[in-house]
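J.: predicted model and sequence below, questions to follow.
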There are 2 protein chains.
Amino acid sequence: LLLPSSSDGNQRPNFIVMLMDDMGWGDLGVFGEPNKETPNLDRMATDGMLFPDFYSANPICSPSRASLMSGRLPIRNGFYTTNVHAHDAYTPQNIVGGIPENETLIPELLKEVGYKSKIIGKWHLGQQPQFHPLKHGFDEWFGAPNCHFGPYDDKSTPNILYYEEFQIKAGYSNLTQIYIQEGLDFIEKEVANGNPFFLYWTPDATHDPLYASEMFRGTSRRGLYGDAVRELDYGVGQILQKLKDLHVDNNTLVFFSSDNGAATYAKTAGGSNGPFLCGKQTTYEGGSREPTIAWWPGRVKAGQVSHQVGSLMDLYTTMASLSGVAVPKDRVIDGIDLTNVLLTNKEEERPLFYYRGNELMAVRLGKYKAHLWTYTNPLKEFEQGIDFCPGQFIQNLTTHDQVNHTLSPLLIHLARDPGEKYIIKSHTVEYKTAMPRLQAAVAAHRAKLVPGAPQLNWCDRAVMNWAPPGCEKLGKCLKGPQSKPFKCVWPH
Amino acid sequence: LLLPSSSDGNQRPNFIVMLMDDMGWGDLGVFGEPNKETPNLDRMATDGMLFPDFYSANPICSPSRASLMSGRLPIRNGFYTTNVHAHDAYTPQNIVGGIPENETLIPELLKEVGYKSKIIGKWHLGQQPQFHPLKHGFDEWFGAPNCHFGPYDDKSTPNILYYEEFQIKAGYSNLTQIYIQEGLDFIEKEVANGNPFFLYWTPDATHDPLYASEMFRGTSRRGLYGDAVRELDYGVGQILQKLKDLHVDNNTLVFFSSDNGAATYAKTAGGSNGPFLCGKQTTYEGGSREPTIAWWPGRVKAGQVSHQVGSLMDLYTTMASLSGVAVPKDRVIDGIDLTNVLLTNKEEERPLFYYRGNELMAVRLGKYKAHLWTYTNPLKEFEQGIDFCPGQFIQNLTTHDQVNHTLSPLLIHLARDPGEKYIIKSHTVEYKTAMPRLQAAVAAHRAKLVPGAPQLNWCDRAVMNWAPPGCEKLGKCLKGPQSKPFKCVWPH
Ligand SMILES: [Ca+2]
Ligand SMILES: [Ca+2]
């Protein structure tokens, strides 16, 4: 895969991907959060390129992250379940599967052209050791294999001794500060070593259980969630400043985004999706529209806005392109190369596919989105207070049943109706003009689709962290149960 | 009222109030509009002070504008109706009442200290000649007494010959360009004359019927509403640039805001209230939270955000204060002086009262809001498709009946819950701590309240523009009907 080296004088750029956890599009001041508490991110946008039409590949953590790492939709890389139709799945501690060996992750590609890669924070591509970052291209790893550190107990989620020092107690933890320092240290080290580097900085303070360090506790107008956002914003500022201080800012492309929409079901303990509909785990805009900024002083002109319909999967292809390494040719790569978007603010039309589990729920092309299926969460769950769309209700669209609209998809114009409130009637000229193009995009996608083997069907308590590294020293290794695989339960 | 003149060397600043019509908080890029089409306003915010917590005094045009002009709530200046409880009223062509003679409007105050004042655009403080701007302190007037120019016909709204040349045809009109040029001309003239000036620039292209000039038609990603916004944004840029070109930017305080929330019932032909609940004509946040920016190079520090709970009525008191004229002492003035907010970014706690017609519906103090009454619009109207809160529904809050919650008001924390989705339960410590302060503010307000005589009860077709100025020349004067007053009908 090695391309001609950069002996033409073009230095390979460093890459930093700052991926937040469950942070919503509407959580940044620059995207309209009314408390305006993200000065560093707002400045990053002013100094870089803002992407209001950027998406994660999936509305839930693990599949989203697997797609960012592999450049491929979950339906291809296996990060979905067939246990139940159109349900969200991820990688809890008892998951048997993980990122398949034959997926080529972006740090693996970058390694071929001399990059050093580090992940700081949440991985979530599989619980078992063979799925961990160091087995898939990363040179260094500081963080957690699954969701974030604690609170855990020895019995149901036996991580406690492994991550003891990072325990979150009543919303307090110093973990984001540690992640910031780890990031700064890695940058300093690799700049000193003269290596091009890839830093995947993915703290999780905005994922339940929320936390912030003492310095930030109680400082937000929004409560603990806002404290966490403020601390992450501070971290972004620290990292960008470090790049400037080391004079590598002109040679470092930094992306900021989030892995899925805000967890609206968490009510005021979750983030904001701004004007968008519903949130995490859904295929409405609130599920996967992400607060995205690109920053590369001297290369990406300051103060730009791009309405490119983008995906986190595009970072894969873009980083490959900019580092001069070819993406694998033996498989479909869903990410597109954003180099021209970044450097010349050109837009490229591309269809965007919204999956939930094993089902293609919706498609976007240009400003139009067609819902092929609609589904929030089961009525029974909703009646128990789990509300994916609090305060929102759109007839026929926010359905608690899984409704198949494939024969007459529900059409939305996302530029004049970002909140998906006004379904365009199927007898209109607009519908008849727009829909065939969307349907052609779906047909083309389906014609080529070869689903990967589903990785998120089987669970087994035996694979949990009963005896994580370091337990011997602490004398706290536990003996897990015998292997007894069962079909994972995915409630929505 | 004349204070010592500014012989101490402090030049009296010029004032420009740019008041939009039915533009929502969420319509500006800087407030999160996803299409990001307001570069001039976004820059104005970057160069000035942004007010995310700023309100109009009322959720509908006429009362809002009367309050801005008089510094007093509609319940005091008479801009409400008692024909029906808690209903919105305004000044259509057949209204008998208007701004009372004994209200002292801001241009009247400013005249005392040598200001020249001009209104460009919509007035809406009364149809009959005695209520017009030139009778209430303005030196010049270019615009319409009621809602904007056309489309009118001779029979139901006989304005057609008066405003013939400004007709709006199929969304096209050059009117905003004319308003821009009128503004630029006035500024040039008064700067040349050496007068301190007050320009009340209040175009109405974002009020139904929407319009844009040819230069802007079809340029927005959002449709005609967005075209109108883009043209207004362009106008803001032109006016600010003119101030710079004439070197009076350091001596001119410019406010940008809107008279009420976006008309959500207009669906995609209306604006956006961002994350806020409902819109125009309601006392939810979408009804009166306004996109507000202050700009005064050299005096108001660039790049600031103020969470001051502000009101358009405060412009009255602030302009009086900065120009060195006292506000009337013989009446309650509801506007507070924002001078310290602007110059030092201090915040002052003050209660904010949300009225609908003759009823106090809600109160805000600090970050808390208490709903004393809830009401959207009548169920019958709603069932006919007039929806004040499209896609939104909050149990007990977005009621179609007028519900009296005075005994146990519905409490909202607006900083962590700007969308008013999560009513704080009345048995909680938070409720018991916050509510007494809100109730005390209401009690203090009510104790002092002397409602003004209601001006919006009576209508009469005889007062309409049957023979407007200029009709003789065109030979098109009409003879109106005999006077036959009737109680105006206010449907919601
Ligand atoms: Ca997540
Ligand atoms: Ca209005």
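T.: Alright, I've got the coordinates. This is a predicted model, so every value here is computed, not measured. Ligands and ions are numbered 1, 2, ... in the order given.
J.: could you find the closest non-adjacent residue to the closest residue to chain B within the stretch 151-300 of chain A?
T.: Nearest residue of the stretch 151-300 of chain A to chain B (Cβ to the nearest Cβ) works out as residue A:221 at 4.0 Å. Using the backbone N, CA and C atoms, a C-beta is placed for each residue, glycine as well. Nearest non-adjacent residue to residue A:221, counting by Cβ to Cβ, 6 or more residues apart in numbering or on different chains: residue B:415, 4.0 Å away.
J.: thinking that neighbour is in contact with residue B:364, fair?
T.: No. Under the criterion of Cβ atoms under 8 Å, residue B:415 lies out of contact with residue B:364, with a separation of 11.1 Å.
J.: where do the helices sit along the stretch 301-450 of chain A?
T.: A:313-323, A:339-344, A:379-383, A:429-448 (DSSP state H, counting those that start in this stretch).
J.: is it possible to get JSON lines of those that adds mean neighbour count, mean pLDDT and distance to residue B:420?
T.: Listed next are those as JSON lines, based on neighbours: other Cβ atoms under 10 Å in any protein chain shown; pLDDT from 0 to 100; distance: least, Cβ to Cβ, whole Å:
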{"stretch": "helix A:313-323", "mean neighbour count": "24", "mean pLDDT": "98", "distance to residue B:420": "36"}
{"stretch": "helix A:339-344", "mean neighbour count": "17", "mean pLDDT": "98", "distance to residue B:420": "37"}
{"stretch": "helix A:379-383", "mean neighbour count": "13", "mean pLDDT": "97", "distance to residue B:420": "20"}
{"stretch": "helix A:429-448", "mean neighbour count": "14", "mean pLDDT": "98", "distance to residue B:420": "33"}
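J.: find the closest residue to ligand 1 in the stretch 201-350 of chain A.
T.: Ranking the residues of the stretch 201-350 of chain A by distance to ligand 1 (Cβ to the ion) places residue A:259 first, at 4.2 Å.
J.: next, count neighbours for that residue.
T.: With neighbours defined by other Cβ atoms under 10 Å in any protein chain shown, the count for residue A:259 comes to 30.
J.: and it, how far from residue A:97?
T.: Separation of residue A:259 from residue A:97 (Cβ to Cβ, to the nearest Å) stands at 19 Å.
J.: buried stuff in stretch A:242-252?
T.: Within stretch A:242-252, the residues scored as buried using 16 or more other Cβ atoms under 10 Å in any protein chain shown are A:242, A:243, A:246, A:248, A:249, A:251, A:252.
J.: determine how far the worst-scoring helix or strand of chain A on mean pLDDT lies from the middle of the whole chain.
T.: Sorting the helices and strands of chain A by mean pLDDT, DSSP states H and E puts helix A:471-474 at the bottom, at a mean of 72. Offset of helix A:471-474 from its chain centre (Cα atoms, centre = their mean, to the nearest Å): 34 Å.
J.: go on, stretch A:400-415?
T.: The chain centre lies 24 Å from the centre of stretch A:400-415; the measure is Cα atoms, centre = their mean.
J.: near chain B, which residues of the stretch 1-150 of chain A are found?
T.: Contact residues, the stretch 1-150 of chain A versus chain B (Cβ under 8 Å from any Cβ of the partner chain): A:26, A:29-36, A:46, A:50, A:52-53.
J.: can we see that at 6 Å?
T.: Residues of the stretch 1-150 of chain A found near chain B (Cβ under 6 Å from any Cβ of the partner chain) are A:31, A:32, A:34, A:35, A:36, A:52.
J.: per-residue confidence for residue A:150?
T.: Listed pLDDT for residue A:150 reads 50.
J.: mind telling me what element the closest residue to ligand 2 within the stretch 201-350 of chain A is part of?
T.: Going by Cβ to the ion, ligand 2 is nearest to residue A:275 of the stretch 201-350 of chain A, at 20.6 Å. Assigned by DSSP states H and E, residue A:275 falls within no helix or strand.
J.: need the contact list for it.
T.: By Cβ atoms under 6 Å, 6 or more residues apart in numbering or on different chains, residue A:275 lies in contact with A:418, A:419, B:274.
J.: and the first one, how many neighbours does it have?
T.: So the one you mean is residue A:418. Residue A:418, neighbours per other Cβ under 10 Å, totals 25.
J.: any idea how far it lies from chain B?
T.: Remark: distance between residue A:418 and chain B (Cβ to the nearest Cβ, to the nearest Å) = 5 Å.
J.: residue A:434 too?
T.: Noted for residue A:434: a distance of 14 Å to chain B, by Cβ to the nearest Cβ.
J.: that residue and residue A:370 touch, don't they?
T.: No. Between residue A:434 and residue A:370 there is no contact under Cβ atoms under 6 Å: 8.1 Å.
J.: could you find the closest non-adjacent residue to whichever residue of chain A sits closest to chain B?
T.: Closest residue of chain A to chain B, Cβ to the nearest Cβ: residue A:32 (1.7 Å). Once flanking residues are discounted, residue A:32 sits nearest to residue B:32: 1.7 Å by Cβ to Cβ, 6+ apart.
J.: what of residue A:304?
T.: Once flanking residues are discounted, residue A:304 sits nearest to residue A:49: 4.4 Å by Cβ to Cβ, 6+ apart.
J.: break down the stretch 251-400 of chain A into its strands, ranges please.
T.: Taking DSSP state E, counting those that start in this stretch as the criterion, the stretch 251-400 of chain A carries its strands at A:252-258, A:292-295, A:304-305, A:310-311, A:352-356, A:359-365, A:368-371, A:373-374.
J.: so is residue A:468 in a helix, a strand, or just coil?
T.: Three-state assignment for residue A:468 (DSSP: H, G, I helix; E, B strand; the rest coil): coil.
J.: so does stretch A:225-242 get close to chain B?
T.: No. Stretch A:225-242 stays clear of chain B (Cβ under 6 Å from any Cβ), getting no nearer than 7.1 Å.
J.: before we move on, back to that, can I get the helices of the stretch 301-450 of chain A in TSV with distance to residue A:57?
T.: Formatted as TSV, the helices of the stretch 301-450 of chain A follow (distance: least, Cβ to Cβ, whole Å):
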stretch	distance to residue A:57
helix A:313-323	5
helix A:339-344	17
helix A:379-383	25
helix A:429-448	13
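J.: run a quick neighbour tally on the nearest residue to residue A:486 once chain neighbours are set aside.
T.: Closest residue to residue A:486 apart from its sequence neighbours, by Cβ to Cβ, 6+ apart: residue A:459 at 5.8 Å. Neighbourhood size, residue A:459 [other Cβ under 10 Å]: 23.
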